[in-house]
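1. Predicted model follows, preceded by the sequence.
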Amino acid sequence: MSGLASDARILWAMLRGLPQGATHAQRLDAFYAPQADRYDSFREGLLHGRDELVAMLPVRRGGHIVELGGGTGRNAERFGPRLARLDSYTLVELSAPMLAKARERAARLPGLRVVEGDAATWRPGKPADCAFFSYSLTMIPDWRAAIDNAIALVRPGGLVASVDFYVSAAAAAPGMRQHGPLTRWFWPRWFGHDGVRLDPAHLDYLRSRLQAVALHERSGTVPWLPGLRVPHYLFVGRRRAHPLP
């Protein structure tokens, strides 16, 4: 019963939408504060493809991975025993309620470093092997700057990856999945109420700025909305030796 009550609070927060606030951080804090305790369990049935993306990311001994907009740190656990090979796994997050949960998790996961910072501007002390976004790019207002920053903070030949919701353009690029008018209309409006911006330009920009290593277009179920499936993508790209301007 407590789980159902917690899910109901999360659903109510989502129905109310992203609150007003002077800054993006303040809006995130107000939105996630009533959800933080049950965030992970509720999102397991909504944020599809995370296990698959993590499995696609190579982990070398002594390497460094950065997760931008890493939330509660749940993805660090998805690396399993591979996490111990890393010199560091840095989670960058802006929301105070999410940071609190991530720090609780870091106390149980040696190697997980939690940093309060903006995904569009934060830089590590040394280049990373991989930077990735997991359902965070759609919530970052200046998402182009966040992608550019991810590319800048990885070493030449390093990887930048993302898994997130999306919809196709009205005329998808050759070889890409084409979504129908209802899908392109409904999901951006459904998620936009919560500050989640589904934009075909996200995937287009990733593909233009990086050398694609893997790209999968999928769809997944949505809790409490039986019969409906929302599109998501998984993208892994390699930083070019000479990044495009």
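-> Sure, I can see it. All values derive from a computational prediction rather than experimental measurement.
2. For residue 128, grab the count of nearby residues.
-> Residues near residue 128, counting by other CB atoms under 10 Å, number 23. All C-beta atoms are positioned from the backbone trio N, CA, C, and that covers glycine.
3. Look up how far residue 167 lies from the residue lying closest to residue 57 once chain neighbours are set aside.
-> Distance criterion CB to CB, 6 or more residues apart in numbering; nearest residue to residue 57, sequence neighbours excluded, is residue 130 at 5.6 Å. Going from residue 130 to residue 167 by CB to CB, to the nearest Å gives 26 Å.
4. coming back round to it: the helix or strand encompassing the residue nearest to residue 57 pairs with which strands, parallel or anti?
-> Using DSSP states H and E, residue 130 sits within strand 128-134. Here strand 128-134 has these sheet partners by DSSP bridges: strand 64-68 (parallel), strand 154-165 (parallel).
5. Return the residues in contact with the closest residue to residue 192 other than its chain neighbours.
-> Leaving out its chain neighbours, the residue that sits closest to residue 192 by CB to CB, 6+ apart is residue 198, at 7.5 Å. Counting by CB atoms under 8 Å, 6 or more residues apart in numbering, residue 198 touches 138, 165, 166, 167, 187, 188, 191, 192.
6. Show the backbone phi and psi for the first one.
-> Listed backbone geometry of residue 138 is phi -70, psi -10, with angles given as degrees, to the nearest 10.
7. since we're on the residue nearest to residue 68 when sequence neighbours are not counted, how many residues are nearby?
-> In space, residue 68 comes closest to residue 119 once its chain neighbours are excluded; the distance is 3.9 Å by CB to CB, 6+ apart. The local packing of residue 119 (other CB under 10 Å) involves 26 other residues.
8. you'd agree residue 75 is in a helix?
-> Yes: the assignment for residue 75 is a helix, going by DSSP: H, G, I helix; E, B strand; the rest coil.
9. Could you measure from it over to residue 204?
-> 24 Å.
10. out of these two, which sits in the more crowded spot?
-> Neighbour comparison, residue 75 and residue 204: the larger count goes to residue 75, with 23 against 16 (by other CB under 10 Å).
11. Isn't the more buried one up against residue 136?
-> No: at 10.3 Å, residue 75 does not count as touching residue 136 under the criterion of CB atoms under 8 Å.
12. number of nearby residues for residue 123?
-> Neighbour tally, residue 123, other CB under 10 Å: 13.
13. So what does it have for phi and psi?
-> Torsion angles, degrees, to the nearest 10, at residue 123: phi -130, psi 140.
14. Tell me which of the strands paired with strand 128-134 sits most buried.
-> strand 64-68 (a mean of 27; mean count of other CB atoms under 10 Å).
15. coming back round to it: output the strand holding residue 130 as PDB, nothing but the C-alphas.
-> Presented in PDB, the C-alpha positions along strand 128-134 are these (Å, rounded to 0.1, in the frame of the first residue of the first chain):
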ATOM      1  CA  ALA A 128      37.100  11.300 -19.600                       C
ATOM      2  CA  ASP A 129      36.800   8.100 -21.700                       C
ATOM      3  CA  CYS A 130      33.100   8.400 -21.900                       C
ATOM      4  CA  ALA A 131      30.300  10.900 -21.100                       C
ATOM      5  CA  PHE A 132      26.700   9.900 -21.300                       C
ATOM      6  CA  PHE A 133      23.100  11.200 -20.700                       C
ATOM      7  CA  SER A 134      20.300   8.900 -19.500                       C
END
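16. What lies in contact with that strand?
-> In contact with strand 128-134 (CB under 8 Å, 6+ apart) are residues 47, 50, 53, 57-58, 60, 63-71, 75, 90, 119, 146, 150-151, 153-155, 158-164.
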